[in-house]
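> Fold the following.
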Amino acid sequence: MLQLNVNLLFTIINLVVLYLLLKKFLIKPVTDVMEKREKLIADGLNEASSAKEEAARLKSEYEAALTGAREESVKIVEKAQVQAKAEYERIVKEAGDKAGSMLDSAKANIQLEREQTMKALQSEIAGLAMTAAAKIVSEKTENQGNQDIYNQFLEEVGDAHDDTDRH
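Residues are numbered from 1 along each chain as shown. So this is what the prediction gives:
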């Protein structure tokens, strides 16, 4: 039995030595590799998480900037519309004023031409009447009564002609 015990003892020693060798040359390097991989994976997850947070922050900044740009563009469009409306109203008012002044000027010119035409017509009518009266009188100068009518007519036409010159 002793022999069994010695064999048992050698087997136990062999197992302990094998265990120590495996621990030193196999288990420790495998454990180190596993720890390094675990640390590498944890660092990767941390970096991914921080990159995700940074991306979310940048996304919110870009959305805020985009919203601000949209609001600014709306303000610019509204301002341009207000300016265009004011310019339109100014141009329409100027056109109305110009048309009104042209209309007033045309009315004044028409009135002036009318007055000038009336004076010219009155002068021409007076001249024609005098010519007609002179012809009538020259044909009938024999009759002295016609001479009086002629003189009276000339006085009336002369008075009428003087009245039109005064106006």
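
> Quick one: find the helix or strand in this structure with the lowest mean pLDDT.
helix 144-166 (a mean of 66; mean pLDDT, DSSP states H and E).

> Distance from the chain centre to the longest helix along the chain, please.
Counting residues, the longest helix found in the chain (DSSP state H) is helix 28-139. In terms of CA atoms, centre = their mean, to the nearest Å, the centre of helix 28-139 is set 4 Å apart from its chain centre.

> what helices or strands is it leaning on?
Judged by 3 or more CB pairs under 8 Å, 6 or more residues apart in numbering; DSSP states H and E, helix 28-139 is in contact with helix 144-166. Every C-beta, even on glycine, is put in place using the N, C-alpha and C of the backbone.

> State the helix or strand in which Val6 lies.
Per DSSP states H and E, Val6 falls inside helix 2-22.

> What lies in contact with that helix?
By CB atoms under 8 Å, 6 or more residues apart in numbering, no residue outside helix 2-22 reaches it.

> Now it: average pLDDT?
In this model, helix 2-22 has an average pLDDT of 85.

> Kindly provide the distance from Glu115 to Ala108.
Per CB to CB, to the nearest Å, Glu115 is found 11 Å from Ala108.

> Share the number of residues neighbouring Ile125, please.
14 (other CB atoms under 10 Å).

> and it, what pLDDT?
So, for Ile125, pLDDT stands at 86.

> what's near enough to touch it?
By CB under 8 Å, 6+ apart, Ile125 lies in contact with nothing.

> can you tell me how far it sits from Tyr150?
17 Å.

> Of all residues in this structure, which one is nearest the centre?
Ala80 (2.8 Å; CA atoms, centre = their mean).

> Next up, the contacts around that one.
Per CB under 8 Å, 6+ apart, neighbours of Ala80: none.
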